[in-house]
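**Q** model this:
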Amino acid sequence: MLSLLKTIRHAIATWWSEFTLQTKLLAVATMVVSLVMSGLTFWAVNTIQQDARMNDTRFGRDLGLLLAANVAPLVADNNLTEVAQFSQRFYSSTSSVRYMLYADETGEIFFGIPFWEAEVENSLTIKRRIQLPEDYPGDGEKPMVRQHMTPDGTVTDVFIPLIVNKKYLGVLAIGINPNQTAVISTNFTRDVTIAVFITIWVMVILAGVINALTITKPIKELLVGVKQIATGNFKQRIDLPLGGELGELILSFNEMAERLERYEEQNIEELTAEKAKLETLVSTIADGAVLIDNNMQVILVNPTAQRIFGWEAADVVGQNVLHHLPPAVQMEITRPLYEMAAGECESAEFRIFINQPIPRTIRILLTTVLNVQRESIKGIAITVQDITREVELNDAKSQFISNVSHELRTPLFNIKTYIETLHDYGEDLALQERQEFLQTVNHETDRLTRLVNDVLDLSKLESGRQYNFDGVDLAQAIEQTLRTYQLNAKDKGVELLQEVAPNLPLVMGNYDLLVQVFGNLIGNALKFTKAGGKVAIRAYQLDFKPSHTLSSPVRIEISDTGIGIATEDQHSIFERFFRVENRVHTLEGTGLGLSIVRNIIDRHRSKVHLVSEVGIGTTFWFDLAAFEEKAPPIQVEPIIETSKITIA
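**A** Coordinates of the predicted model:
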């Protein structure tokens, strides 16, 4: 028996645990509502029944007193016939009275309705003597009321003493039928209560079935769909033909899934685009970039790093970076890499000279890559900078200082030597010798002055000075330059020609700088042109017009019929202190004139070109943008690093 109870209890607990919280709450709420409704209904029924009993009691007492008052005199006169007739008429006129019994003072029934005397004698249910209650006072003046249950309902028994002239004659017993309206109301209320109770539970059961068929299944489908969405499966859809709020919920879920799918595709596209941008950015930066993980496996490498390390033909992604680095680099950074991967240091810097694939000097920067919380190391970024040019510039700077020192030392030494000779032996020297010494000192002083001026000019151009650019009349600048060198050309027997096109537009430039360019180029042309030769300066407007300008540019050419420049020297002609006379050993100069020309023309956003052939002559040419009057004057920032010269 106990095991059976445990089994039933376990089955009920299991069955109850399978219900959802919503179903449990619904069952509890239904139980509470049904109990409350049943309690209210039974309370109402009891109230109605109590009111009905009170009414029946009051009605029976009043009716009994009325009848007793009418029949008591007849009983006193022993006029039973009149009592019978009166009672019969009263009984026939109302349905409220079930029976009427008359008993004498001993309790013996001498008349009763609906039972005649003969019937009373032979009746098995009604005795000849009335059974009075034990607490009946007997000869009391007040009636006594009691109730008993019958198959037809509760009957109210009223016992009224018959007293005439204070003499107790007997008792009148009247049975009052229950109030039919109250009975009907009570029965109706009871039936309604039962119906309500049954209806509530039927509705609960139907609701459970409907919930299982129309709510639980869609909710389970929604639950599965939400779990799929949570796992990232945004293609999940629910296809249930439902209307109402559930249908709207399912429709909203499908719309949400569709939007999430679109968002995912959009995010993937954006991530792909951002990755492509990042890869493009990394691939276009001048420095080499290599990203490795904590196991030294290559994750990302840009073309610059591939070119520096010679990895163009090798696929190093996913491989150990130390197996592909040049030996010099591998020897330097192996230990620091492992220390950084272990978290012992965060960054390191190295300057290494490598021979493979080509000789160059590189700077390597090692930096750890941390996670978002900056708690753990996710990898190491290797930045590779090719500082070969920087090293060369530093060497060039040192060389420049050395050259300047050398160029200054030579004239200073000559000046000092001749002055000391004049000071020590001036009186012993002939006048012609003293004049020759002084002429040499003057020549060396001029040479020193030219060198200092050229160095100062070049220093100004490269020191960060700003120049105002405006419209320049080339014809005026060329005319001023030719006037300066006209006498020098005449002394050397060189013909100086000017070919300036008429109506030449103004050009965008700086007047003083352009005059300096013309002076340097014409001065060099006169220096390297023999007597009988020609030096020409031409200026004309080109036929083509660039897309970003309103007017065609103006081209300036300076040509000579001098000794020309060898092909192997044309690439170095614009470098500092490079002199053609170093090879021909005929003329002297500072070697800075063409470097100044290149720097000035670079500031005019143009390039110097040359065409030369040894023994035939040389032509320098460059283009200048036409001045547009609507454009305001501009300030040109200094060019820190000049571009290489294109040689045609």
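**Q** by contact count, what packs against the strand or helix carrying residue 249?
**A** Using DSSP states H and E, residue 249 sits within helix 244-284. Here helix 244-284 touches helix 217-230, going by 3 or more Cβ pairs under 8 Å, 6 or more residues apart in numbering; DSSP states H and E. Glycine gets a C-beta too; all of them are placed from N, C-alpha and C.
**Q** and for the helix it packs on, what's in contact with it?
**A** For helix 217-230, contacts defined as Cβ atoms under 8 Å, 6 or more residues apart in numbering pick out 236-238, 240, 242, 246, 249-250, 253, 256-257, 260.
**Q** go through that helix and flag the buried ones.
**A** Buried residues in helix 217-230, counted by 16 or more other Cβ atoms under 10 Å: 218, 221-222, 225, 229.
**Q** what residues sit buried inside the helix or strand containing residue 340?
**A** Using DSSP H and E, residue 340 maps to helix 327-341. Within helix 327-341, the residues scored as buried using 16+ other Cβ under 10 Å are 329, 332-333, 336-337, 340-341.
**Q** and that helix, what's its mean pLDDT?
**A** The average pLDDT for helix 327-341 rounds to 88.
**Q** from the chain's centre, how far out does that helix sit?
**A** 38 Å (Cα atoms, centre = their mean, to the nearest Å).
**Q** contacts for that helix next, please.
**A** Contact with helix 327-341 is made by 292, 294-296, 309, 322, 325, 345-348, 350, 352-355, 362, 364, 366, 368, 377, 380, 382, as judged by Cβ under 8 Å, 6+ apart.
**Q** and after the helix holding residue 249, which helix or strand comes next?
**A** strand 288-292.
**Q** list the helices and strands that following strand packs on?
**A** strand 298-301, helix 303-309, strand 377-386.
**Q** in strands, which of the contacts of helix 327-341 fall?
**A** Using DSSP state E, the members of those that fall in strands are 292, 347-348, 350, 352-354, 362, 364, 366, 368, 377, 380, 382.
**Q** mark which of those are buried, thanks.
**A** The neighbour-count test (16+ other Cβ under 10 Å) applied to the ones in strands among the contacts of helix 327-341 identifies 292, 348, 352, 354, 362, 364, 366, 368, 377, 380, 382 as buried.
**Q** run through the bridge partners of the third one.
**A** Read that as residue 352. Residue 352 has the following beta-bridge partners by DSSP bridges: residue 362.
**Q** alpha carbons of the helix holding residue 340, as CSV, please.
**A** As requested, the backbone C-alpha atoms of helix 327-341 are provided in CSV (Å, rounded to 0.1, in the frame of the first residue of the first chain):
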residue,chain,number,x,y,z
PRO,A,327,71.3,35.1,-40.7
ALA,A,328,72.3,38.5,-39.3
VAL,A,329,68.7,39.4,-38.4
GLN,A,330,68.0,35.9,-37.0
MET,A,331,71.0,36.1,-34.8
GLU,A,332,70.0,39.5,-33.3
ILE,A,333,66.3,39.1,-32.7
THR,A,334,65.8,35.4,-31.8
ARG,A,335,66.3,35.8,-28.1
PRO,A,336,64.3,39.1,-27.8
LEU,A,337,61.4,37.5,-29.6
TYR,A,338,61.2,34.6,-27.2
GLU,A,339,61.5,37.0,-24.2
MET,A,340,58.7,39.1,-25.5
ALA,A,341,56.5,36.1,-26.1
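**Q** just the angle for it relative to strand 347-354, thanks.
**A** Orientation check (axes from the mean of the first three to the mean of the last three Cα atoms, to 10 degrees): helix 327-341 against strand 347-354 gives 170 degrees.
**Q** tell me the contacts of residue 68?
**A** Neighbour list for residue 68: 143, 160-162, 172 [criterion: Cβ under 8 Å, 6+ apart].
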